[in-house]
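Asker: Have a look at this prediction, sequence included:
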There are 4 protein chains.
Amino acid sequence: MIVVIRQGQNEKQINNLRNWIKSLGLEIHESRGENSLILGLIGDTSKVDIDLIRSLDIVESVMRIQEPYKNANRKFHPEDSIIDVSGHKFGGRHFQYIAGPCSIESEAQIIGIAKAVKAAGATLLRGGAFKPRTSPYSFQGLRADGIELLLKAKAETGMPIVTEIMNINHLDLFRDVDIIQVGARNMQNFELLKELGKTRKPILLKRGLANTIEEWLMSAEYIMSEGNMEVILCERGIRTFEPYTRNTLDLSAIPILKERTHLPVIVDPSHASGLARLVAPMSLAAVGAGADGLIIEVHNQPECALCDGPQSIKPDAFAQLVKKIDIMLPLVGKERD
Amino acid sequence: MIVVIRQGQNEKQINNLRNWIKSLGLEIHESRGENSLILGLIGDTSKVDIDLIRSLDIVESVMRIQEPYKNANRKFHPEDSIIDVSGHKFGGRHFQYIAGPCSIESEAQIIGIAKAVKAAGATLLRGGAFKPRTSPYSFQGLRADGIELLLKAKAETGMPIVTEIMNINHLDLFRDVDIIQVGARNMQNFELLKELGKTRKPILLKRGLANTIEEWLMSAEYIMSEGNMEVILCERGIRTFEPYTRNTLDLSAIPILKERTHLPVIVDPSHASGLARLVAPMSLAAVGAGADGLIIEVHNQPECALCDGPQSIKPDAFAQLVKKIDIMLPLVGKERD
Amino acid sequence: MIVVIRQGQNEKQINNLRNWIKSLGLEIHESRGENSLILGLIGDTSKVDIDLIRSLDIVESVMRIQEPYKNANRKFHPEDSIIDVSGHKFGGRHFQYIAGPCSIESEAQIIGIAKAVKAAGATLLRGGAFKPRTSPYSFQGLRADGIELLLKAKAETGMPIVTEIMNINHLDLFRDVDIIQVGARNMQNFELLKELGKTRKPILLKRGLANTIEEWLMSAEYIMSEGNMEVILCERGIRTFEPYTRNTLDLSAIPILKERTHLPVIVDPSHASGLARLVAPMSLAAVGAGADGLIIEVHNQPECALCDGPQSIKPDAFAQLVKKIDIMLPLVGKERD
Amino acid sequence: MIVVIRQGQNEKQINNLRNWIKSLGLEIHESRGENSLILGLIGDTSKVDIDLIRSLDIVESVMRIQEPYKNANRKFHPEDSIIDVSGHKFGGRHFQYIAGPCSIESEAQIIGIAKAVKAAGATLLRGGAFKPRTSPYSFQGLRADGIELLLKAKAETGMPIVTEIMNINHLDLFRDVDIIQVGARNMQNFELLKELGKTRKPILLKRGLANTIEEWLMSAEYIMSEGNMEVILCERGIRTFEPYTRNTLDLSAIPILKERTHLPVIVDPSHASGLARLVAPMSLAAVGAGADGLIIEVHNQPECALCDGPQSIKPDAFAQLVKKIDIMLPLVGKERD
């Protein structure tokens, strides 16, 4: 860590800082420029609070040399992590298709879609039981009953299942869930992350709406620091000034993450734009950028009043998309399951 | 709610949408432009999922006419809400000074600061027991012990206390806390909000790092929809591209909120920039913009190695700031407690 | 255009607004909700200043139904525009590779790279003569001399050339340039756009760092409204809070633009991240998202002290990338020149 | 400047970088951590292209120690710059009120408003002749005729005038203009900045919609590096995700600028939100934050159909605001002209 001291500060204050740094077990390497004093902190700085140092009146700027994440850091784990979910592998040369409805609505619905997406090439099943909704007046999901129905679809099709947790007190309900999803709004719900770190379930960690890649890796670190190394990252769009799309899918995050971490990275192209007609182009784009998989909303409700165009695509559109991606995978050094 | 249909859609799909809208108990007022069909939805649209409609392939754009928040909406509650915390009032002509340390560290520290800020003009005491930290390796606060110490400071000084909750399972610890704070990262932890809505404690709801004013009011609505009407909003800075400050304090949110809601609004000038030397100017700015109070970090640790300049200001700087603000309050139609 | 009037406004002010709207030649269709009055403006609203209406004290919100762009609007020009640059076509099923150095430095350099990228598959040559630089102390390009050298490379290789204009007074120098580029920082230099609209040269219009898709199309409209219909849009990354990449490439802009406009859209994967190692994955991603071409920085300076890794890739890496993309193009309904 | 080399790079490439750095006349101070090599660049690094270094494949991160701006830097000019405009001073303890209409429309209008704002306390007159408009179909201002009318108002009232330039070819028209304004969209029109640097007129430099404080100071530096030291900075709101306001006024930029530069800083509260009813609270906030002046839109058109509420306030509201600010100025160490 490099700390630049502001010009003209008194020596006593600088000494206070030096003593505090040493009290953390770090050594200091000093160099003096024309208008500045520079302190290089040597040792394990991952526990040093960079915001605290930055806030000091005598400090002009601070820069980390070491990343603050360790377990998630590729430097200390150069090989890709491969996360095996009942034989379906995330990471390395593997590519997974997770598909299913936004919300679980009925037994017929979830089993129908599960069979349809499996036939179309999906390898895992998703479905929302607990739904994070901006409005308290919106449908909040079937909750415990939704998980029951999802487990039936798992039994029926043999597909591993992915669903979101919103409250650590619900953990018992997730006993037979294969991957527990943490939604964007809970990416920094640190109490939830710590508890999930104590489980031995793969965790699908979505990026927060306005979180940096470093913060995202620190949230993965929360889970990993408790002993659970099975974290799959999921880019789902960040918040920008652009109003034509709900969020802006940040695909450059994928090659950046591939450098920084050994964890697998998948993409959710359905939620980012909020537009079904963007799912296919953005899925191909995600594959081009190097994603390890996709999580796509697919629906199959011919009877539904809104069936002509909800946020998710239909099984036949999904099947066509899978075919294209299967052709594309070798170009990016990947292969389907 | 206004729904604009894209040009050239087939009538059957539009009819599906019409039927779905009517199934929600709404009426439709249609008008046809040169290149578009416009549906005006009449009735209570607060439960209508605007994102679902926007995602339909036949829909070009959607616009709410009614705000989706009701309990928080000034239209249905034109008078300012006044929230009384042991005789200290938030809202209307009232102005409150909440002050105290970032983290509670020891009995001597918290009682020392409590006395100092009270003497300097503070009306409520803040202090962090549970600390949301980006890194799992950073100090997470004294937790339950911190609340114990804060309660001692309350007993000693008679000041009502404000402290942050991070996990609903800790609620019992907050029995004698006067205002429960929800931090920026938990602004959309809907499960937590619902449980806090079942208490009868005033809730200090901080704005999320990248949340719109409407989303913030919807989070207030989560609390209020469960019956707890005592919500105090707190602007603490939003995330932008500017790196010189940690966050950008959005003071125009204050007059906007004053139009939209009857709830009191206070400002945290300490966390937004992360720089102690910005606390005084940004506090005066917040008062100018119409804030109902300030929550300021103040520390008082002459023995501390970093005492020369943490993120918070010292009691004497705080006392000077209070004096200036007391002079300024009549200009904005306010008076101190 | 829909105008929602705030509750409880006096009738005289609303009448002033009604009269002003009628004075613009528009008709008004009114409807009254429970808490609001809604004015629907009927007629050509493209000249109506939406910001002016939004700023009125009696107005709660405004929403456009018609897009404010006409010449660029796909509604009035459903077929893709095909822009032919000396036989190289942009738009429709066509795909173009523009490649070349960031800055033109010498005759040997630009001719060397031109030959190398042509051999590798490039169809047009780029090179910076006038360089927009944040700092006045940075190298500003060879300027007029740079264009001379670029023209020599064009003569030598037969490749059409693309280079950036920064000052309308330099237009004479661009007589033999095939595509004139407008950089991100000049996207809203309206005086420059109007003058370029009077030429009959294809214009490569880069998206501004923080401009919406609608503003971008309005800048295209500035050029087109003067009679020059040959505008090629270029996505090059937008500004977000993420510090690991210089900018965030917004690839969802491509399918959105394809719906909204008939103009071709290409992508610059070199400038967005500022990292050469992201060029290949982000190029494949851009193709997946539906781009009509790429503009890529390629360098070839074995003697240069920094040759090991500037922002641009080398000809052999570019050649490999072109091979992959050529295989991928049929998947997205495209073919190379 | 600190350059951190990525782990495991080959020595030859690092040597290329070392040689290139030395070729710029800089010395290198190296230090080696456990997983990284750190190069400290010593000497004048203001001409070093930080983006170029950051883009190198062997580089992990780069950090400036010296700011890249010199003339604008408070380190080399510790005293506030005082810019005297016909006896009206910007900077130091001085405070100026610039007021006038958004657009100049007629002689009667501009002279009427000029007299009204002077009576209300304004010290300089603003008015738009050349108007930057997002749409080519919107009114672009009276242009040269507008400046003529503004000069008449100056002759009539004796107030110095401020108006915006959009095209360097118009410079002759600005001969008798007292302060030349550069709008947000032209903040990085470097060709324009350089030409304005050759004049000896005070320049009002607005912050770009999405520009950092450092970029803004670099644009001031463009003007100053050509010899014109009279630059007044103007904060006018930045682009964020918040839709309720057009832009977000970044008032924390004021105390930050006061540390970094000696140049005066004023605030435009009218354009940021686009809402007249926010002008008064945001003006008081700007004063609290330490602004050296305000530039406010004021109109006075009783005959106008839209007179009830355009974006600007009326002279009487402006007069009341001036009175409040005059009372507030001593609190922030300021006095009116």
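Answerer: Alright, I've got the coordinates. Just so it is clear, the model here is predicted, and its values are computed rather than measured. Residues are numbered from 1 along each chain as shown, chains lettered A, B, ... in the order given.
Asker: which SS class is A:E60?
Answerer: Under DSSP: H, G, I helix; E, B strand; the rest coil, the three-state class of A:E60 is strand.
Asker: quick one, what contacts it?
Answerer: The contact partners of A:E60, by C-beta atoms under 8 Å, 6 or more residues apart in numbering or on different chains, come to A:V4, A:I5, A:R6, A:Q7, A:S36. Just so you know, the C-beta spots here come from the backbone N, C-alpha and C atoms, and that holds for glycine as well.
Asker: try it again with 6 Å
Answerer: A:E60 makes contact with A:V4, A:R6, according to C-beta atoms under 6 Å, 6 or more residues apart in numbering or on different chains.
Asker: can you check A:P264 too?
Answerer: By C-beta under 6 Å, 6+ apart, the contact set of A:P264 is A:I83, A:F90, A:G91, A:I232, A:D292.
Asker: can you pull the pLDDT of it?
Answerer: pLDDT for A:P264: 98.
Asker: Now distance to chain B too, for the contacts of A:P264, in a markdown table please.
Answerer: Shown next, in a markdown table, are the contacts of A:P264 (distance: C-beta to the nearest C-beta, whole Å):
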| residue | distance to chain B |
| --- | --- |
| A:I83 | 20 |
| A:F90 | 23 |
| A:G91 | 23 |
| A:I232 | 19 |
| A:D292 | 24 |
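Asker: Could you count how many residues lie near A:E164?
Answerer: Other residues lying near A:E164 total 21 when counted by other C-beta atoms under 10 Å in any protein chain shown.
Asker: Run a quick neighbour tally on the spatially closest residue to A:R260 that is not a sequence neighbour.
Answerer: Residue nearest to A:R260 in three dimensions, not counting chain neighbours: A:R74, with 6.0 Å by C-beta to C-beta, 6 or more residues apart in numbering or on different chains. By the measure other C-beta under 10 Å, the count of residues near A:R74 is 19.
Asker: Over to the one 10 residues further on?
Answerer: For A:D84, the number of neighbouring residues by other C-beta under 10 Å comes to 12.
Asker: Could you say which helix or strand holds it?
Answerer: Assigned by DSSP states H and E, A:D84 falls within strand A:83-85.
Asker: Give me the helices and strands touching the helix or strand just after that strand, please.
Answerer: Going down the chain from strand A:83-85, the next helix or strand is strand A:88-90, by DSSP H and E. Contacts defined by 3 or more C-beta pairs under 6 Å, 6 or more residues apart in numbering or on different chains; DSSP states H and E place strand A:88-90 against no helix or strand at all.
Asker: Only C-alpha atoms, please: export the next helix or strand after strand A:88-90 in CSV.
Answerer: Using DSSP H and E, the next helix or strand after strand A:88-90 towards the C-terminus is strand A:94-100. Extracted in CSV, the C-alpha atoms of strand A:94-100 (Å, rounded to 0.1, in the frame of the first residue of the first chain):
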residue,chain,number,x,y,z
HIS,A,94,-17.0,-26.1,-19.2
PHE,A,95,-20.1,-24.2,-20.2
GLN,A,96,-23.5,-24.4,-18.4
TYR,A,97,-27.0,-23.4,-19.5
ILE,A,98,-29.3,-22.5,-16.5
ALA,A,99,-32.8,-21.9,-17.6
GLY,A,100,-36.3,-21.6,-16.1
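Asker: Does anything pack onto strand A:94-100? Which helices or strands?
Answerer: Strand A:94-100 packs on strand A:124-126, strand A:293-297, going by 3+ C-beta pairs under 6 Å, 6+ apart.
Asker: from those strands, which stretch is densest packed?
Answerer: Ranked by average neighbour count under the criterion mean count of other C-beta atoms under 10 Å in any protein chain shown, the helices and strands packed on strand A:94-100 are headed by strand A:124-126 at a mean of 28.
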